[in-house]
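Trainee: this is a predicted model, with the sequence first.
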Amino acid sequence: MLHFFHHPHSPYSRKVFFLLEESKVAFDLQMVALERKEQKSDAYLSVNPSGRVPAIRDGEFTLGESNAILRYLVRRFELHGFYPLGLREQAMIDMWWEFCSSHINRPLMDLAWNKLMAAKYGGRPDHAVIAKAEKNLERDLPVLERHLLGRNYIVGSELSLADINLMPFAAYAKDVLRINEYPAFEAWTKRVSARSAWKTVERYSG
């Protein structure tokens, strides 16, 4: 049995959860209570020495880091619909995966933390970080917007790892930026968030 170590508020963890739900791979869900520092316990550190979520245990094999886990799962369970075997198909998924990770996900997470979460956890919004994130998105989100015009998914005609990587961060977009200024991105977000697998992920988010 595959064991998946998860916290519902981690977008990195949520993208692994999303793939597991989409693929129908059987797994045992193990919640890691970050608020109680369970990720720093000896038991959890034996699974993921970095003390972060997500992680998996597959038999005696353990693995952390969400992107490594996604690639392992598609190979382990031959989930080629999400990451085709063709060299160029994989390269296109990798390109958009890397672009979104570097230029879309990070600033969206910075905005979400500072606009939505910081006060809840006793912190204060960092307005310099907000300004930088907004500037970066103004530069880079139009690149994704142009690419998504006329497309249902980021690469190809079906959901792929490129979409799965972006969705947990894109879920914040409607609350932290004027998403209606990016209609193709907004339509993509609504399309992916309507999938039953994503709805399951959200039900565990509290």
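Mentor: Perfect, thanks for sending it. Numbers count the residues shown, from 1 in each chain.
Trainee: residue 26 is in contact with residue 1, correct?
Mentor: Yes. In this structure, residue 1 is within contact of residue 26 by CB atoms under 8 Å, at 6.8 Å. Any C-beta I mention is one placed from the backbone N, CA and C, and that applies to glycine too.
Trainee: buried sites along stretch 26-44?
Mentor: 27, 30, 32, 34, 38, 39, 44 (16 or more other CB atoms under 10 Å).
Trainee: which stretches in the chain count as strands?
Mentor: Ranges of strands in the chain, per DSSP state E, are 2-6, 27-31, 55-58, 61-64.
Trainee: the bottom helix or strand of the protein by mean pLDDT?
Mentor: helix 42-45 (a mean of 91; mean pLDDT, DSSP states H and E).
Trainee: what distance separates the longest helix anywhere in the chain from the centre of its chain?
Mentor: Longest helix in the chain by number of residues (criterion: DSSP state H): helix 127-148. Distance of helix 127-148 from the chain centroid (CA atoms, centre = their mean, to the nearest Å) equals 18 Å.
Trainee: please apply the same query to stretch 69-80.
Mentor: Centre to centre, stretch against its chain (CA atoms, centre = their mean), the figure for stretch 69-80 is 16 Å.
Trainee: coming back round to it: helices or strands up against the longest helix of the chain?
Mentor: Counting contacts by 3 or more CB pairs under 8 Å, 6 or more residues apart in numbering; DSSP states H and E, helix 127-148 packs against helix 87-100, helix 106-112, helix 183-193.
Trainee: ok, the residue lying farthest from the centre of the chain to residue 6 distance?
Mentor: Relative to the centre of the chain, the most outlying C-alpha is that of residue 42, 26.5 Å out, by CA atoms, centre = their mean. Residue 42 sits 19 Å away from residue 6 when distances are taken as CB to CB, to the nearest Å.
Trainee: same thing with residue 186?
Mentor: From residue 186 to residue 6 the distance is 28 Å (CB to CB).
Trainee: neighbour count winner among the two?
Mentor: residue 6 (22 against 18; other CB atoms under 10 Å).
Trainee: quick check, pLDDT for the more buried one.
Mentor: With respect to pLDDT, residue 6 has a value of 96.
Trainee: repeat for residue 61
Mentor: So residue 61 comes in at 98 (pLDDT).
Trainee: what is the burial count for it?
Mentor: 10.
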